[in-house]
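Student: Give me coordinates for this.
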Amino acid sequence: MTPGGTSSESLLMQAIAAKPGSLPAYCELARAYESGGEPGKAEKTLLRAIEVDPLAPQPWRQLGHLYSKLQNLRGSVDAYERACALDPEDTVGRIGYGWALMADHDIRAASAVCDSLLAEFPGQPDAHLMAGHIHNIMGRAEAAAESYRRALQIDPHRTDALYHLVDLDPSAVSAALTRNLLALRERADLSPRDTANVGFALARIHEAMGQAAEAMAHYRAANAAAGAVMRSLGIAYDPGRMEKENTRKMEMFAPSAFARQLEPLGLDMKPVFIVGMPRSGTTLVERILGSHSQVTAGGELTYMQDCLTKLVVSRQAAGRRGAIDLADESDRRLLLELREYYIDRLFERDLDGEYVTDKLPANFSALGLVRLLFPDARIVHCSRHPVAVCWSLYSAHFGVHVPYNASLHHLVHYYENVYTKWMRHWNGILRDEIIEVNYEQLVADPDNETRRLVARCGLPWEDACLGFHRNEQPVFTANMRNARRPVFGHSVDRWRRFAAYLEPLTERLTTWEYKT
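Tutor: Just a heads-up that it's a prediction; the model follows:
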């Protein structure tokens with residue numbers, strides 16, 4: 001550990017050097033690193049504190065909080081779980097544990113934590129906010145609104161409760177709530193995270209009123225604040241680095257990598273990977289397929305991305321470059337280990353149906369690995385008008401999320417130079433094996449497009465697939481309300497109301513078509 005860049009960090013380093021067992025100094029140093037935009041150093045400091053005293057709950061709780069901000073969902077759950085086991089009376093740790101479970105899509109465990117918090121601490125706004133999110137995920141809009149209102153009765157300045165209450169129905173927002181948001185916006189001490197919540201809420205209100213110019217001004221302010229939050233965590237979008245990383249990965253999946261196959265899995269289960277740009281219809285497609293009796297919906301699983309990272313790191317550590325070669329024992333053994341890892345993670349989540357969906361959109365970068373690990377997997381690629389999908393991402397409030405969303409220029413780059421390049425690469429190799437679903441076509445002709453999708457996946461037809469909106473499975477997407485409605489065309493041309501303000505998108509993507 002090297003000396004920090006500020007006087008406070010230097011003093012804390014001196015305190016640790018003088019007294020190596022001082023846990024408060026380690027925890028305070030980790031906070032300094034985190035607030036200074038150095039999450040990697042914060043993580044190392046907390047892990048060192050845990051080495052000093054693995055039975056102290058504070059470093060575990062702080063690590064859970066750090067991992068949640070960095071979107072290390074499994075790490076956050078594990079760290080908070082350990083903190084709560086060491087100190088069951090720690091309310092802050094239990095609240096963090098509940099949020100981490102929800103972020104990891106474990107709604108049953110999150111509900112149990114939330115219920116216990118509500119019973120013991122009815123005056124805790126986080127408990128009511130958590131209940132609101134759970135109701136929202138489960139499609140209980142009225143109950144969600146009531147929970148958000150209870151949180152605001154306890155703390156009228158909870159901007160996350162304000163945003164989610166507005167998002168449930170922007171057209172029904174009261175004048176008093178709008179005034180509260182406007183007053184909060186003027187506060188000089190408002191944090192970037194709160195500024196993002198307020199900005200997105202006001203944007204929703206103005207958009208519902210048909211005031212595109214005012215809405216766009218708030219969307220810009222909200223995204224600027226969201227970008228500041230991400231930069232404070234050391235998360236930034238680097239176009240050049242992104243392209244270099246993807247080029248190296250593509251080299252592993254040259255056509256020669258698919259000349260051989262792994263031995264059969266030996267399980268009566270077919271994974272279904274639903275990929276595409278976020279907001280391209282992946283949730284809609286999963287809800288359609290998940291309404292089939294033979295399909296278990298897994299939601300957005302990070303396991304294949306974990307496998308891709310492990311593959312890259314392991315091959316680099318072994319000094320292996322170029323295309324994967326299944327004739328090479330080290331590559332074959334590594335792929336078998338990755339397949340076992342993926343299957344084990346599914347079983348841990350009780351995802352063991354005849355067909356299991358994995359709808360993480362970003363898996364478009366891992367389709368070659370999908371094909372190598374699971375030769376009989378179904379791959380469904382969702383596409384949508386490029387301006388529509390990029391605008392939908394820019395106007396969506398994800399909290400801490402992938403950093404390209406907060407900039408129209410970065411969205412254009414990501415769409416053209418990451419997503420498009422990957423899909424063109426796979427279409428040169430797996431063309432006939434990718435099931436294409438276009439969002440606009442699905443909305444325009446849901447009956448025929450749904451039947452085609454179900455048939456291409458190898459499933460017998462069931463009428464329930466057309467009634468997906470009655471499916472009671474949890475919905476974790478940012479647009480939970482629409483995911484529970486029948487197919488409708490409201491969002492297809494939503495971006496056109498803002499066309500005058502979307503020049504980076506309309507200049508490059510309006511006439512652009514995804515070419516297979």
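
Student: Poorly predicted segments of the chain, please.
Tutor: 1-9, 11-12, 14-15, 17-20, 400-401, 470-490, 510-516 (pLDDT under 70).

Student: quick one, domains of it?
Tutor: Using automatic domain parsing, the domain parsing of the chain gives 156-236, 239-509.

Student: now Glu214: how far from Glu186?
Tutor: Between Glu214 and Glu186 the computed distance is 16 Å (C-beta to C-beta, to the nearest Å). In short, each C-beta sits where N, CA and C put it, glycine included.

Student: Hmm, I typed the wrong one, I wanted Gln71.
Tutor: 31 Å.

Student: Compare the two (neighbour count), which wins?
Tutor: Between Gln71 and Glu186, Gln71 has the larger neighbour count (other C-beta atoms under 10 Å), namely 17 against 8.

Student: which residues in the stretch 101-250 of the chain form strands?
Tutor: Counting by DSSP state E, counting those that start in this stretch, the stretch 101-250 of the chain has no strands to list.

Student: what are the ranges of the helices in it?
Tutor: In the stretch 101-250 of the chain, the helices defined using DSSP state H, counting those that start in this stretch lie at 107-120, 125-137, 141-154, 159-168, 175-185, 192-208, 212-232, 239-252.

Student: ok, and the closest non-adjacent residue to Ala100?
Tutor: In this structure, Ala100 finds its nearest non-sequential neighbour in Ser76, 4.2 Å apart by C-beta to C-beta, 6 or more residues apart in numbering.

Student: Pull the contacting residues for that neighbour.
Tutor: Gly64, His65, Tyr67, Ser68, Gly96, Ala100, Ala103, Asp104 (C-beta atoms under 8 Å, 6 or more residues apart in numbering).

Student: Check for me that it belongs to a strand.
Tutor: No. Going by DSSP: H, G, I helix; E, B strand; the rest coil, the assignment for Ser76 is helix, not a strand.

Student: of all the contacts of Ser76, which two lie farthest apart?
Tutor: The most widely separated members of the contacts of Ser76, counting by C-beta to C-beta, are His65 and Asp104 (14.6 Å).

Student: Of the two, which one has the most company?
Tutor: His65 (23 against 20).

Student: For the helix or strand containing the more buried one, name the packing helices and strands.
Tutor: Per DSSP states H and E, His65 falls inside helix 57-69. For helix 57-69, the packing partners by 3 or more C-beta pairs under 8 Å, 6 or more residues apart in numbering; DSSP states H and E come out as helix 23-35, helix 39-52, helix 73-86, helix 91-103.

Student: closest to Val380 out of these?
Tutor: helix 73-86 (23.5 Å).

Student: Return the residues in contact with the residue lying closest to Glu440 once chain neighbours are set aside.
Tutor: Distances taken as C-beta to C-beta, 6+ apart place Val492 nearest to Glu440, at 5.7 Å, with adjacent residues excluded. Contacts for Val492 (C-beta under 8 Å, 6+ apart) come out as His385, Ala388, Tyr439, Glu440, Val443.

Student: So which of the residues you listed wins on neighbours?
Tutor: Ranked by neighbour count (other C-beta under 10 Å), the contacts of Val492 have Tyr439 at the top, with 25 neighbours.

Student: Relative to His425, how far out is that residue?
Tutor: For Tyr439 relative to His425 (C-beta to C-beta), the value is 22 Å.

Student: Next: Asp53.
Tutor: Distance from Asp53 to His425, by C-beta to C-beta: 49 Å.

Student: So these two - more neighbours on which side?
Tutor: A count of neighbours by other C-beta under 10 Å puts His425 above the other of Asp53 and His425, at 19 against 13.

Student: Grab the nearest non-local neighbour of that one.
Tutor: With sequence-adjacent residues excluded and distances taken as C-beta to C-beta, 6+ apart, His425 is closest to Met250, at 5.6 Å.

Student: Settle this for me: that neighbour is touching Met423, isn't it.
Tutor: No. With contact defined as C-beta atoms under 8 Å, Met250 does not reach Met423; the gap is 11.8 Å.

Student: Give me the more crowded residue out of the two.
Tutor: Legend: neighbour count by other C-beta under 10 Å for Met250 and Met423, higher for Met423 (22 against 16).

Student: which residue packs closest to the more buried one, ignoring adjacent ones?
Tutor: Phe364 (6.1 Å).

Student: what's the answer for Leu367, then?
Tutor: Trp426 (4.7 Å).

Student: residues in contact with that neighbour?
Tutor: Phe364, Leu367, Gly368, Ile434.

Student: Touching, the first one and His425? I think so.
Tutor: No. Under the criterion of C-beta under 8 Å, Phe364 lies out of contact with His425, with a separation of 9.9 Å.

Student: follow-up on the earlier one: so which of the domains of the chain gets nearest Phe121?
Tutor: domain 156-236 (15.2 Å).

Student: Can you measure across the closest one, start residue to end residue?
Tutor: 32 Å (C-alpha to C-alpha, to the nearest Å).

Student: what number of residues lie near Val380?
Tutor: Neighbour tally, Val380, other C-beta under 10 Å: 23.

Student: same check, this time on Arg332
Tutor: 17.

Student: name the element it belongs to?
Tutor: helix 329-348.

Student: Between helix 73-86 and that helix, find me the angle.
Tutor: 50 degrees (axes from the mean of the first three to the mean of the last three C-alpha atoms, to 10 degrees).

Student: what sits up against helix 329-348?
Tutor: The contact list for helix 329-348 (C-beta under 8 Å, 6+ apart) reads 262, 265, 267, 298, 301, 303-304, 306-307, 310-311, 314-315, 318, 320, 324-326, 352, 356, 369, 372-374.

Student: ChimeraX command for the buried members of those residues?
Tutor: Command for ChimeraX that selects the buried part of these, burial taken from 16 or more other C-beta atoms under 10 Å:
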select :265,298,301,303,304,306,307,311,315,320,324,325,326,356,369,372,373,374
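
Student: Distance from the chain centre to stretch 138-150, please.
Tutor: 22 Å (C-alpha atoms, centre = their mean, to the nearest Å).

Student: Check stretch 174-189 too.
Tutor: Per C-alpha atoms, centre = their mean, the centroid offset for stretch 174-189 relative to its chain is 29 Å.

Student: export it as CSV, just CAs?
Tutor: Provided in CSV are the C-alpha atoms of stretch 174-189 (Å, rounded to 0.1, in the frame of the first residue of the first chain):
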residue,chain,number,x,y,z
SER,A,174,-49.6,16.3,-7.6
ALA,A,175,-48.6,20.0,-7.8
ALA,A,176,-47.2,19.7,-4.2
LEU,A,177,-44.9,16.9,-5.2
THR,A,178,-43.7,18.9,-8.2
ARG,A,179,-43.0,21.9,-6.0
ASN,A,180,-41.0,19.7,-3.7
LEU,A,181,-38.9,18.5,-6.6
LEU,A,182,-38.3,22.1,-7.9
ALA,A,183,-37.3,23.2,-4.4
LEU,A,184,-34.9,20.4,-4.1
ARG,A,185,-33.3,21.1,-7.5
GLU,A,186,-32.3,24.6,-6.2
ARG,A,187,-30.5,23.3,-3.2
ALA,A,188,-26.7,23.9,-3.3
ASP,A,189,-25.9,20.9,-1.1
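
Student: Contact partners for the residue nearest to Val113 when sequence neighbours are not counted?
Tutor: Nearest non-adjacent residue to Val113, counting by C-beta to C-beta, 6+ apart: Gly98, 3.8 Å away. By C-beta under 8 Å, 6+ apart, the contact list for Gly98 reads Ala110, Val113, Cys114, Leu117, Met130.

Student: Now for the third one, how many residues are close by?
Tutor: Neighbours of Cys114 under the rule other C-beta under 10 Å: 28.

Student: give the contact list for it.
Tutor: Cys114 touches Gly98, Ala127, Met130, Ala131, Ile134, counting by C-beta under 8 Å, 6+ apart.
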